[in-house]
Structures are given as structure tokens and as C-alpha cells.
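In: coordinates for the following, if possible.
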Amino acid sequence: MPERTPETHVIDFRAAERLLAARDPRGAVKLLDSVIAAHPENTAARLLRARAFFAAAQLRPAELEFELVLEREPDNAFAHFALARTFQRSGRSEAAVRHFRLAAALDPNPEYLRAARFDTGV
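Out: Residues are numbered from 1 along each chain as shown. So this is what the prediction gives:
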């Protein structure tokens, strides 16, 4: 296998973005595994891998990645929203509501506000 360089990791990251957009989340995860192995601190790569896990219905790995992103960036509204969607999809509605509300508090994005259900008293 050819030597991996920072440039090839950037290429793999961009290719993983395209694979995810093309609905090939498993292919995206494969590319991101080597990027994250070389750069475990790269939050953007971890967030993209979390999204790919979610799209592939690998909810536990998605949850772990989103949580790791939030440990590093607790004010990342998208990560809170995506973690909430992961909890919701796995039937953990209480945890989901908490993260939907955190996302909405951090960013008044209409999608986040709707998901937070502030108007229902839940």
C-alpha cells in the first residue's frame, strides 16, 4: 500500500463527503477510518464519520462519535441535533429531547426549534 500523506488524507476526506452525499455511507466510513487513525484529533472527520454511521443505521457507533465531537465542541449545535436524532431513532426519546433543546438553544435554526418542541411542554 502506498504511503499515506496529509494530502491523501484530505483527498480521502473529500471523497468521503462525496460518498455520503451519493448515499454510500459505508464507503465513506472506510475512507474516514484511515483519516481518523492518522489524525484522531480531527473533529471534522469524526463528525463526518458519525453522520456516515447514522446514515448506515449503525446507531451505537454514530452515538459514540457524536459524543466525542461534543466532548471537544460542547457548543456544536449540529452535533447535538444529530445526536438527538440518533437517540430518537434508537427509541431513547428523553435523551433525544434534551439534545434537541440544547441544539435549539445554541442555534435558533427552525429545524432545531421544531425538533425541540418547546411549545408542547414535553
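In: ok, the closest residue to residue 90 other than its chain neighbours - how many residues close by?
Out: The spatially closest residue to residue 90, leaving aside those adjacent along the chain, is residue 59, at 4.8 Å (Cβ to Cβ, 6 or more residues apart in numbering). Where C-beta positions appear, they are placed from N, C-alpha and C, glycine not excepted. Residue 59: 17 surrounding residues under other Cβ atoms under 10 Å.
In: distance check, residue 59 against residue 69.
Out: Separation of residue 59 from residue 69 (Cβ to Cβ, to the nearest Å): 15 Å.
In: from memory residue 68 sits against residue 49, does it?
Out: No. Shown here, residue 68 and residue 49 do not form a contact pair, counting by Cβ atoms under 8 Å, at 9.8 Å.
In: quick one: which of the two has more around it?
Out: When residue 68 and residue 49 are compared on other Cβ under 10 Å, the one with more neighbours turns out to be residue 49, at 28 against 17.
In: helix or strand: which one has that one?
Out: helix 43-55 (DSSP states H and E).
In: not counting its own residues, what contacts the helix or strand just after that helix?
Out: Next along the chain after helix 43-55, taking DSSP H and E as the criterion, comes helix 59-72. Helix 59-72 is contacted from outside by 43, 46-47, 49-51, 53-54, 76, 79-80, 82-83, 86-87, 89-90, using Cβ atoms under 8 Å, 6 or more residues apart in numbering.
In: quick check: angle from helix 59-72 to helix 43-55?
Out: Here helix 59-72 runs at an angle of 150 degrees relative to helix 43-55 (axes from the mean of the first three to the mean of the last three Cα atoms, to 10 degrees).
In: could you count how many residues lie near residue 47?
Out: Neighbourhood size, residue 47 [other Cβ under 10 Å]: 21.
In: same thing with residue 9?
Out: Other residues within reach of residue 9, judged by other Cβ under 10 Å, total 20.
In: quick check: closest non-adjacent residue to it.
Out: Residue 9's closest residue in space is residue 35 (Cβ to Cβ, 6+ apart), at 4.7 Å.
In: that neighbour: which element?
Out: Using DSSP H and E, residue 35 maps to helix 25-38.
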